[in-house]
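> no sequence on this one, just coordinates:
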């Protein structure tokens with residue numbers, strides 16, 4: 001991986017055949033870069049930050065995105081590096097189980113496991129599949145011209161410090177506040193505040209054993225999950241005014257969650273103030289008219305940012321990437337394949353967020369009673385909400401041989 005700036009291409013130089021520029025070095029951008037590289041494209045990834053190391057957080061990968069990673073040959077490697085989610089469930093702040101989740105039932109229904117790993121592990125795995133000079137960090141980029149599609153159309157142009165790069169394809173993976181999206185669709189209203197803020201912690205917690213859980217309170221939630229390396233990933237969310245911050249975010253977590261059931265107090269006791277990350281949640285309330293324009297395709301949050309309530313943001317970015325590589329010669333087909341699916345999932349994520357972040361006592365009581373009743377009817381009924389999401393298959397067969405592991 002190199003932090004050396006990209007060398008701009010003069011207009012007198014001939015463009016290399018099938019050159020792709022990926023704006024953004026997150027999970028969606030890197031997956032797209034690997035998928036295109038494997039199809040013979042010359043790929044350049046431009047990342048604004050000084051390094052690709054993501055700030056400390058984990059990512060949950062469902063069977064749908066693992067099958068997408070199988071297409072580029074890294075699915076089994078990720079399964080080996082990740083913690084496979086075991087039995088767990090949903091709890092109240094006092095510790096009562098509202099529902100129990102069965103890992104075996106979920107795997108049987110959706111054709112594979114749910115796994116959890118640090119984002120840095122996934123980024124490192126993806127980057128290792130690219131040529132050493134493919135990733136350029138410390139490289140802000142803006143779209144100068146989306147280009148015209150077709151063999152005779154003009155190339156897209158991306159402006160970087162010192163000049164411009166030409167490309168047959170530009171992949172906009174520059175996140176929820178995507179500058180490329182604004183350039184392509186200036187009349188789109190852009191992201192809106194989802195009404196709640198989140199905290200994330202990844203810390204060692206030796207000697208404390210617990211089952212994975214998510215706990216829903218009144219306008220607040222907490223999740224705790226063990227990672228394979230012995231650390232714990234915990235996240236929290238609470239309704240709050242946009243932009244609100246506390247002088248000490250760990251102290252704020254203690255105020256909000258300190259009296260919740262175990263292992264929440266143990267996690268908070270082990271966390272340092274510098275371990276706690278806080279971010280407000282935004283989403284695209286209005287879908288884009290398309291996920292492409294000219295020679296530019298959008299992936300991930302740039303295309304369909306959604307609340308994290310279904311755990312599908314990163315999963316959908318990975319799906320985008322492999323579907324884009326499949327349709328790289330026909331971007332309208334990419335939009336047709338992705339726009340309806342991601343719009344439906346994003347809308348469901350918004351509805352689920354409203355449910356999880358309910359604050360009125362009556363609404364919370366109704367919610368908890370309904371969940372308990374669904375759980376009593378059996379795990380299959382509760383899992384039905386992920387039908388059509390976690391059972392997705394990519395349009396191309398995987399390169400990895402994973403049939404023996406039950407993941408197709």
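That came through, no problem. Computed from a predicted structure; not experimentally measured. Residues are numbered from 1 along each chain as shown.

> List the buried residues in the lengthiest strand in the chain.
As assigned by DSSP state E, the longest strand anywhere in the chain is strand 192-204. Along strand 192-204, the positions that meet the burial threshold by neighbour count (16 or more other Cβ atoms under 10 Å) are 194-203. The way it works is simple: take the backbone N, C-alpha and C, and place the C-beta from them, glycine included.

> Could you work out the most separated pair of those?
195 and 203 (27.5 Å; Cβ to Cβ).

> Could you report the neighbour count for residue 325?
27 (other Cβ atoms under 10 Å).

> For residue 229, give me its contacts.
residue 118 (Cβ atoms under 8 Å, 6 or more residues apart in numbering).

> Regarding it, what is its secondary structure?
coil (DSSP: H, G, I helix; E, B strand; the rest coil).

> Tell me where the model's unsure across the protein.
Residues of the chain meeting the criterion pLDDT under 70: 1-17, 56, 380, 399-408.

> one more time with 90, if that's ok
Scanning the chain for pLDDT under 90 picks out the ranges 1-17, 53-56, 86, 101-102, 150-152, 374-385, 396-408.

> Nearest the middle, which residue of it would you pick?
Nearest to the geometric centre of the chain sits residue 314, at 1.5 Å (Cα atoms, centre = their mean).

> From residue 19, how far out is that one?
Separation of residue 314 from residue 19 (Cβ to Cβ, to the nearest Å): 26 Å.

> Please, where are all the strands along the stretch 151-300 of the chain?
156-160, 163-167, 169-172, 192-204, 212-216, 220-226, 231-239, 277-283, 292-293, 296-298 (DSSP state E, counting those that start in this stretch).

> Residue 130: what's it in contact with?
30, 33-34, 37, 43, 45.

> Including neighbour count, could those go into a markdown table?
Output for those, formatted as a markdown table (neighbours: other Cβ atoms under 10 Å):
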| residue | neighbour count |
| --- | --- |
| 30 | 30 |
| 33 | 31 |
| 34 | 27 |
| 37 | 19 |
| 43 | 26 |
| 45 | 30 |
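
> And these, which is closest to residue 89?
residue 30 (32.8 Å).

> wouldn't that closest one be in contact with residue 124 here?
No - counting by Cβ atoms under 8 Å, residue 30 stays clear of residue 124, with 9.8 Å between them.

> what lines up beside the longest strand of the chain in the sheet?
strand 231-239 (antiparallel), strand 277-283 (antiparallel) (DSSP bridges).

> could you check the angle strand 220-226 makes with the longest one?
Translated: strand 231-239. 170 degrees (axes from the mean of the first three to the mean of the last three Cα atoms, to 10 degrees).

> contact partners of stretch 273-280?
Here stretch 273-280 has contacts from 55-57, 193-194, 196-203, 240, 242-243, 245, 248-251, 253, using Cβ under 8 Å, 6+ apart.

> And that stretch, what's buried?
In stretch 273-280, counting by 16+ other Cβ under 10 Å, buried: 275-276, 278, 280.

> Quick check: the farthest pair among these?
Every pair of those checked by Cβ to Cβ; the farthest is 275 and 280, at 19.0 Å.

> Could you count how many residues lie near residue 162?
Residue 162: 9 neighbours (other Cβ under 10 Å).

> and the gap between it and residue 135?
18 Å.

> and what of residue 54?
14 Å.

> Same check on residue 47?
7 Å.

> Which neighbours do these two have in common?
In contact with both residue 47 and residue 135: residue 25, using Cβ under 8 Å, 6+ apart.

> How about the longest helix along the chain, which residues are buried there?
In the chain, with assignment by DSSP state H, the single longest helix is helix 331-356. For helix 331-356, a neighbour-count test (16+ other Cβ under 10 Å) marks 331, 333-335, 337-339, 341-343, 345-346, 348-350, 352-353, 356 as buried.

> and the angle for that helix with strand 277-283?
Using the same axes, to 10 degrees: helix 331-356 against strand 277-283 is 120 degrees.

> Give me the angle between helix 331-356 and strand 212-216.
Using the same axes, to 10 degrees: helix 331-356 against strand 212-216 is 70 degrees.

> starting at the chain centroid, how far to helix 331-356?
13 Å (Cα atoms, centre = their mean, to the nearest Å).

> If we only consider the buried residues of strand 192-204, which is nearest to residue 308?
Among the buried residues of strand 192-204, and counting by Cβ to Cβ, the member closest to residue 308 is residue 198, at 7.1 Å.

> What is the burial count for the residue nearest to the closest one when sequence neighbours are not counted?
Nearest residue to residue 198, sequence neighbours excluded (Cβ to Cβ, 6 or more residues apart in numbering): residue 237, at 4.7 Å. Residue 237: 25 surrounding residues under other Cβ under 10 Å.

> Over to the one 5 residues further on?
Using other Cβ under 10 Å, residue 242 has 13 neighbouring residues.

> Spit out the contact partners of it.
Applying Cβ under 8 Å, 6+ apart, the residues contacting residue 242 are 193, 280.

> if we can go back for a sec, residue 54 and residue 135: who's more crowded?
residue 135 (27 against 19).

> Quick check: which of the strands of the stretch 151-300 of the chain is buried the most?
strand 169-172 (a mean of 31; mean count of other Cβ atoms under 10 Å).

> ok, that one: who's next to it in the sheet?
Assessed with DSSP bridges, strand 169-172 is paired to strand 19-23 (parallel), strand 296-298 (parallel).

> Show me the contact partners of the longest one.
Among residues not part of strand 19-23, those counted as contacts by Cβ under 8 Å, 6+ apart are 29-30, 32-33, 36, 41-46, 141, 143, 156, 158, 165-174, 180, 328.

> what does stretch 369-384 give?
Against stretch 369-384 from outside (Cβ under 8 Å, 6+ apart): 89-90, 98-102, 105-106, 109-110.

> how long is stretch 128-140 end to end?
22 Å (Cα to Cα, to the nearest Å).

> Kindly report the same for stretch 301-309.
14 Å.

> buried stuff in it?
Here stretch 301-309 shows 301-309 as buried, counting by 16+ other Cβ under 10 Å.

> repeat for stretch 360-374
Here stretch 360-374 shows 364, 367-368, 371-372, 374 as buried, counting by 16+ other Cβ under 10 Å.

> One more: stretch 100-112?
Buried residues in stretch 100-112 (16+ other Cβ under 10 Å): 100-103, 105-107, 109-112.

> Does residue 357 touch residue 218 like I think?
No - the pair residue 357 / residue 218 is not scored as a contact, 9.2 Å apart, by Cβ under 8 Å.
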